[in-house]
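Novice: Sequence below, structure please.
(chains A, B and C)
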Amino acid sequence: MGRLLVLLLLGVLANHSVMAQDGFHWKVSTTDGSQSRNVWQVSSRQLFRNCPHAFTIRKERLTGGRQEGVDLITVNNGRFTITVCPTRGMGIMNVKMGDLELKWDSPVKEIVNPQFVNLSSRGGLGWLEGFNEFMCRCGLESNGHPGTDKFINNVGDEAEMELTLHGKIANIPAREVHIVVDKTPPHAIHIKGQVDEKLLFGPKLELHTDLVIVPGSTSFQINDVVKNVGAQDQEFEMLYHANFGSPLLEEGAEVVTASKKVTPFNDRAAEGLDNWSVYEAPTTGFVEQVYLLEPKADQEGVTTALLHNKAKSRGASISWSVKELPYLTVWKNTGALADGFVTGIEPGTNYPNNRSVERKAGRVPVLKPGEARSMSVQFNLHGSTKSVAKAIDSIAALSMAGEGVDEPAEVLELQEKR
Amino acid sequence: MGRLLVLLLLGVLANHSVMAQDGFHWKVSTTDGSQSRNVWQVSSRQLFRNCPHAFTIRKERLTGGRQEGVDLITVNNGRFTITVCPTRGMGIMNVKMGDLELKWDSPVKEIVNPQFVNLSSRGGLGWLEGFNEFMCRCGLESNGHPGTDKFINNVGDEAEMELTLHGKIANIPAREVHIVVDKTPPHAIHIKGQVDEKLLFGPKLELHTDLVIVPGSTSFQINDVVKNVGAQDQEFEMLYHANFGSPLLEEGAEVVTASKKVTPFNDRAAEGLDNWSVYEAPTTGFVEQVYLLEPKADQEGVTTALLHNKAKSRGASISWSVKELPYLTVWKNTGALADGFVTGIEPGTNYPNNRSVERKAGRVPVLKPGEARSMSVQFNLHGSTKSVAKAIDSIAALSMAGEGVDEPAEVLELQEKR
Amino acid sequence: MGRLLVLLLLGVLANHSVMAQDGFHWKVSTTDGSQSRNVWQVSSRQLFRNCPHAFTIRKERLTGGRQEGVDLITVNNGRFTITVCPTRGMGIMNVKMGDLELKWDSPVKEIVNPQFVNLSSRGGLGWLEGFNEFMCRCGLESNGHPGTDKFINNVGDEAEMELTLHGKIANIPAREVHIVVDKTPPHAIHIKGQVDEKLLFGPKLELHTDLVIVPGSTSFQINDVVKNVGAQDQEFEMLYHANFGSPLLEEGAEVVTASKKVTPFNDRAAEGLDNWSVYEAPTTGFVEQVYLLEPKADQEGVTTALLHNKAKSRGASISWSVKELPYLTVWKNTGALADGFVTGIEPGTNYPNNRSVERKAGRVPVLKPGEARSMSVQFNLHGSTKSVAKAIDSIAALSMAGEGVDEPAEVLELQEKR
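Specialist: This next block holds a predicted model:
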């Protein structure tokens, strides 16, 4: 492409972007008074004369049914395609690298605008009416099971409120959505969003998220900051609800983790404890089994959990710091394909009990006024037998490390059930 | 119109329609990724050189207040005009044939986007905040009175949830809305919609509706299919809540039915049993009276219910198969005009008790995995004394038929009241 | 500007406005079927050849996050700028005259579309998730604290429902929004809106509001009419929740009122009774103190409440008729700036107890069928020491008037607490 054309294109872009010192910067959705753009796109060819890995970024607005007005951002980094939904709290709808897809087939087929979701419905399970992301956040004020918990009301009294399943954050549209492309190679793409969970007489929590996608890479990373912008101590909970379905999830698929302890969530999970890490085929009427893990980490505190198919030829792994997210929940929900055959691998600040249970167990972190907590989660796509084997090896190394011997799985006192 | 012009118009249309083998086909709203159209219209003259009955079809998007973003489809078939609201579960807002109108004057004046309706509010009566259709469906997971019922929650336990009045389906926007016009005379117009009531740990029910309007006819027909796309048995309920107000409804107006049994819904209804089929003038403070009927049908299973004015010069009737919809509810709510003077004639799979009551009575159908249930309801406009008389005669014939003698009205055990 | 140009401009305007006998009239948002306008503006120069005080009126539609689709109308009358939000029940977001601003810094930063607000959440405190107006109305069916109250349900029985904090009206989009500019000087600007709170088996209440802004003035007036368009008696409640934050509100700021009686809302308020009218500095963890006043009025029934800063150099006052709004609530909520440092000065038909409490106390007005109640509230901006002093004097005159002696503050039986 001729230099002139590049300059012309950059000229056009200059109208719509801030050329920050370190990269290109577009506000694709904002509440600052300037107009958001319903459709927008850019490609590596428009930005750089020589780009080792071509990429495209596209924002669109969905129409029809309950997805009217939903924004999506799709990035193709030359290796995989990833779709983010700012309208649903910056969740990740799906990731696709050839025949390896990070997604599941939820009974919910639309990408539902939170306008149509009543979290309080179905006894606090209304969250399920929009739930079909590959990865959504659960929090911030609370996550986990619905049910009664205490709070301080406007007149300073301790009162009770009904927490709803997995909190609000996945159903709050991001108020700012910016896209940044680094000027220097490897030209990392940043999908940045701010989601507020703030109100008078309630939490003043902000989620600042930065999804980093490096062109040509087979990984992507979420760098989140949760900040208490209020003047008083504030509890919060965060769980990264990553969901995997067919075909990666199949009979004989396995979740590989390094853990000090595996605790079944309830009696039902206890039934399957002996074989907890291996998946069954889709089984009509299967009742979910949930396992609570304390992951082992390397010297930097990093642990990894991997899901691979039966043949160990395809997999996806998640790496994070246990200093940030000390707990891991594995959700086995291998019902029929038509009912939502899925497993969740869910690093979190806590387990998905009702917050009242987690508080008693000391697993609800508190942010001081002005305090921020960083949490990073890296997702890795394993598209070959070799790549899967390498991930298995590195997790095995974690299992060997630490306390010298791998502690036996131990059943904690059973968690409170709904 | 010259042949060339027709060809040109067809050329234009070809860009927007699929010329299916048997007709013209437009996706006017879809979630398949292609853009929905806010405004769209077509007329018989654009499609056919010679059309015995001219018709027009128009889609528009409403603005203002709580109707912002609501879609309407209006068909004029040469005899009557009918307006359908995809955003409100494919309900029918009103029908107008000269001075005969199928509609009522609800206190709700806007066509309310479900985004603004909280079904749980007012003790489960939030549905009323958007209720002003001529005909809306009640269901699918449940319909009828709000109140506690059991369900199976995510951990496989029997839990309780608060059902809300008449369920969700009238407040779920259709995810697909297609219009089809048959290529062959009489060029029937089909308004097709799909409405999903599906979620993990909940029902996986789809409503596929086909509203068929034949140009030049004074009838229209709803052909619905409710399908359980889940892998487990699923209860459902469906009630066609057809509502008639002034001027068709007036003092001395009468509902004519063929029924084996008429049961008052409660003590209040029992007070009016002697004269249950005749309407009073608008009466301030009138408390609703509800009658539960078991309709008699002809040999094909078809029954008809008619509402006519006092003079028997105008009427509307509904015909359906009691094999599909065995129960009929007549709702007399003849309060003041300003308060919503209305009667409902409501064929259903059940009566509008809370589902827990209907289940005990054996009136909640269950769909097997993959099973679909068809339900057709035909509405007929009677614009003359002759047409009303004919309808009365045909219903009289039904009353004579069947068990030989018309069973006396019998009071079943009173239904559970809220 | 030449006469010709004026005529041309008027010609353009004629397409979009109705030249009413007494002024210009624009429907900026309507549900009558004509399209609403997302962006629209007009200025005095376009309307009048010689206008003593230039003004501009602008309507815009917000985008991004939870403010997607929110309409704002901003008027600059040559002295101050005022912003009204039709989407949030015609509330006033803020007013700005130089360094005097009527506003507060709520933790909620977006102007939240009611589509995203669930009033029932947080134990009935969901209203707080959108609360950041300078002035919002609380009502109409009820206002005040959430909690159980009785109502008559569809079958005529007394049933219970959970009232939600401050009712619905601030979260109902106006169905009609018209702007009128008087033809004759001083060319008063009217922002008119209609907000419906109507449903079958519920209230049939309409709010008709007229916000009057005179170019060049430092006051503006709300003229509201609440009408019962139903055929039966209907209770209603109305509270004008005017909220003031920093910098007008500061340590040593004071609320000046003429009142017969000051009653602390609860024990917490009783603690601060001695110094109830003076404000503390932002205090982390401050628990709200609420005082219930019976204002004294002049012979026409008009009373005034003033908030001034410590230096008595800036202030804002509210004047209204105690015949229309007999009660005044002062809400001191001087927590940390980051937590929503604010005071509310709230004339009302009642105090903000749960409606069940207010009903027992005889403070819930009832509208007969067709009856309308007018309520006018005037807001005055005091931008100088002189203007503040004048307001203080006029309120002092009220305190002297009336029963001759100012009754001592008296503690009524404590109000029921949540």
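Novice: how about low-confidence regions in the stretch 1-150 of chain A?
Specialist: Low-confidence segments of the stretch 1-150 of chain A (pLDDT under 70): A:1-21.
Novice: hey, where'd the helices end up in it?
Specialist: Using DSSP state H, counting those that start in this stretch, the helices of the stretch 1-150 of chain A run over A:3-14, A:44-47, A:121-124.
Novice: Same check on the stretch 251-400 of chain A?
Specialist: A:267-271, A:355-360, A:385-400.
Novice: now do the same end-to-end measure for stretch A:41-48.
Specialist: Start-to-end span of stretch A:41-48 (C-alpha to C-alpha, to the nearest Å) is 15 Å.
Novice: in that stretch, what's buried?
Specialist: A:42, A:44, A:46-48 (16 or more other C-beta atoms under 10 Å in any protein chain shown). In short, each C-beta sits where N, CA and C put it, glycine included.
Novice: For the stretch 251-400 of chain A, which residue gets nearest to chain C?
Specialist: Here the stretch 251-400 of chain A gets closest to chain C at one residue, A:P369, 7.2 Å apart by C-beta to the nearest C-beta.
Novice: so that residue touches A:A231, yeah?
Specialist: Yes - here A:P369 reaches A:A231: they are 4.8 Å apart, a contact under C-beta atoms under 8 Å.
Novice: Settle it for me: which of these two has more neighbours?
Specialist: Counted by other C-beta atoms under 10 Å in any protein chain shown, A:P369 and A:A231 do not tie: A:A231 has more neighbours, with 22 against 16.
Novice: dump the residue contacts of A:L102.
Specialist: Shown in contact with A:L102 (C-beta atoms under 8 Å, 6 or more residues apart in numbering or on different chains): A:92, A:94-96, A:134-135, A:242, A:244, A:248, A:316, A:379, A:381.
Novice: give me every residue that touches the residue of the stretch 301-418 of chain A found nearest chain B.
Specialist: Relative to chain B, the nearest point of the stretch 301-418 of chain A is A:A336 (3.2 Å; C-beta to the nearest C-beta). Counting by C-beta under 8 Å, 6+ apart, A:A336 touches A:282-286, B:230-232, B:369.
Novice: quick one on the thing from earlier: please produce a markdown table containing the helices of the stretch 251-400 of chain A, extended by mean pLDDT and distance to C:E300.
Specialist: Shown next, in a markdown table, are the helices of the stretch 251-400 of chain A (pLDDT from 0 to 100; distance: least, C-beta to C-beta, whole Å):
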| stretch | mean pLDDT | distance to C:E300 |
| --- | --- | --- |
| helix A:267-271 | 96 | 72 |
| helix A:355-360 | 97 | 55 |
| helix A:385-400 | 96 | 81 |
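Novice: how about those, which one is nearest C:T329?
Specialist: helix A:355-360 (33.3 Å; C-beta to C-beta).
Novice: If you count neighbours, what's buried in that closest one?
Specialist: Neighbour-count burial for helix A:355-360, counted by 16+ other C-beta under 10 Å, picks out A:355-359.
Novice: need the contact list for A:G202.
Specialist: When contacts are counted by C-beta under 8 Å, 6+ apart, A:G202 touches A:141, A:151, C:107, C:122, C:125, C:128-129.
Novice: one more time with 10 Å, if that's ok
Specialist: A:G202 makes contact with A:141, A:151-154, A:161, A:230, A:234, C:107-108, C:122, C:125-126, C:128-129, C:339-340, according to C-beta atoms under 10 Å, 6 or more residues apart in numbering or on different chains.
Novice: With A:F220 instead?
Specialist: Contacts of A:F220 (C-beta under 10 Å, 6+ apart): A:75, A:77, A:79-80, A:82, A:92, A:95, A:188-189, A:191, A:211-214, A:377-381.
Novice: Now list the buried members of those residues.
Specialist: With burial judged by 16+ other C-beta under 10 Å, the buried subset of the contacts of A:F220 is A:75, A:77, A:79-80, A:82, A:92, A:95, A:188-189, A:191, A:211-214, A:377-381.
Novice: hang on, the earlier thing: quickly list what's touching both of A:P369 and A:A231.
Specialist: Residues touching both A:P369 and A:A231 (C-beta under 10 Å, 6+ apart): A:204, C:284, C:336, C:338-339.
Novice: In this model A:H241 seems to touch A:F131, though I could be wrong.
Specialist: Yes - A:F131 lies in contact with A:H241 (C-beta atoms under 10 Å); the separation is 8.6 Å.
Novice: Neighbour count: these two, which is higher?
Specialist: Between A:F131 and A:H241, counted using other C-beta under 10 Å, the more crowded position is A:F131 (28 against 24).
Novice: can you tell me how far the nearest residue to A:P107 once chain neighbours are set aside sits from B:N228?
Specialist: Once flanking residues are discounted, A:P107 sits nearest to B:K198: 4.1 Å by C-beta to C-beta, 6 or more residues apart in numbering or on different chains. Separation of B:K198 from B:N228 (C-beta to C-beta, to the nearest Å): 10 Å.
Novice: Give me the common contacts of these two.
Specialist: Listed contacts common to B:K198 and B:N228 are A:338, B:140, B:204-206; contacts here mean C-beta under 10 Å, 6+ apart.
Novice: want to try CSV for the residues you listed, with distance to C:K386 and neighbour count as columns?
Specialist: What follows is these, written out as CSV (distance: C-beta to C-beta, whole Å; neighbours: other C-beta atoms under 10 Å in any protein chain shown):
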residue, distance to C:K386, neighbour count
A:A338, 76, 19
B:L140, 68, 27
B:K204, 71, 24
B:L205, 70, 24
B:E206, 71, 19
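Novice: what's the most distant pair in the shared contacts of A:P369 and A:A231?
Specialist: Spatially, the most separated pair among these is A:K204 and C:T284, at 12.2 Å (C-beta to C-beta).
Novice: Identify the contacts common to the two.
Specialist: Residues touching both A:K204 and C:T284 (C-beta under 10 Å, 6+ apart) are A:230-232, A:369, C:336, C:338-339.
Novice: ok, of those residues, which one's closest to B:G65?
Specialist: Using C-beta to C-beta, the shared contacts of A:K204 and C:T284 come closest to B:G65 at C:D339, 33.6 Å.
Novice: The closest one contacts A:I152, doesn't it?
Specialist: No - applying C-beta under 10 Å, one finds C:D339 not in contact with A:I152, separated by 11.9 Å.
Novice: before we move on, back to that, okay, the contacts of A:A336 in JSON lines with pLDDT and distance to C:H178 next?
Specialist: Listed next are these as JSON lines, based on pLDDT from 0 to 100; distance: C-beta to C-beta, whole Å:
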{"residue": "A:P282", "pLDDT": "98", "distance to C:H178": "59"}
{"residue": "A:T283", "pLDDT": "98", "distance to C:H178": "61"}
{"residue": "A:T284", "pLDDT": "97", "distance to C:H178": "59"}
{"residue": "A:G285", "pLDDT": "95", "distance to C:H178": "59"}
{"residue": "A:F286", "pLDDT": "96", "distance to C:H178": "59"}
{"residue": "B:G230", "pLDDT": "98", "distance to C:H178": "50"}
{"residue": "B:A231", "pLDDT": "98", "distance to C:H178": "55"}
{"residue": "B:Q232", "pLDDT": "97", "distance to C:H178": "54"}
{"residue": "B:P369", "pLDDT": "98", "distance to C:H178": "55"}
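Novice: Where do the strands of the stretch 101-250 of chain A begin and end?
Specialist: A:135-140, A:147-152, A:158-163, A:176-182, A:189-198, A:204-213, A:219-228, A:234-235, A:237-244 (DSSP state E, counting those that start in this stretch).
Novice: re the thing from before, would you turn the helices of the stretch 251-400 of chain A into TSV with distance to B:R268?
Specialist: Converted to TSV, the helices of the stretch 251-400 of chain A look like this (distance: least, C-beta to C-beta, whole Å):
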stretch	distance to B:R268
helix A:267-271	46
helix A:355-360	44
helix A:385-400	68
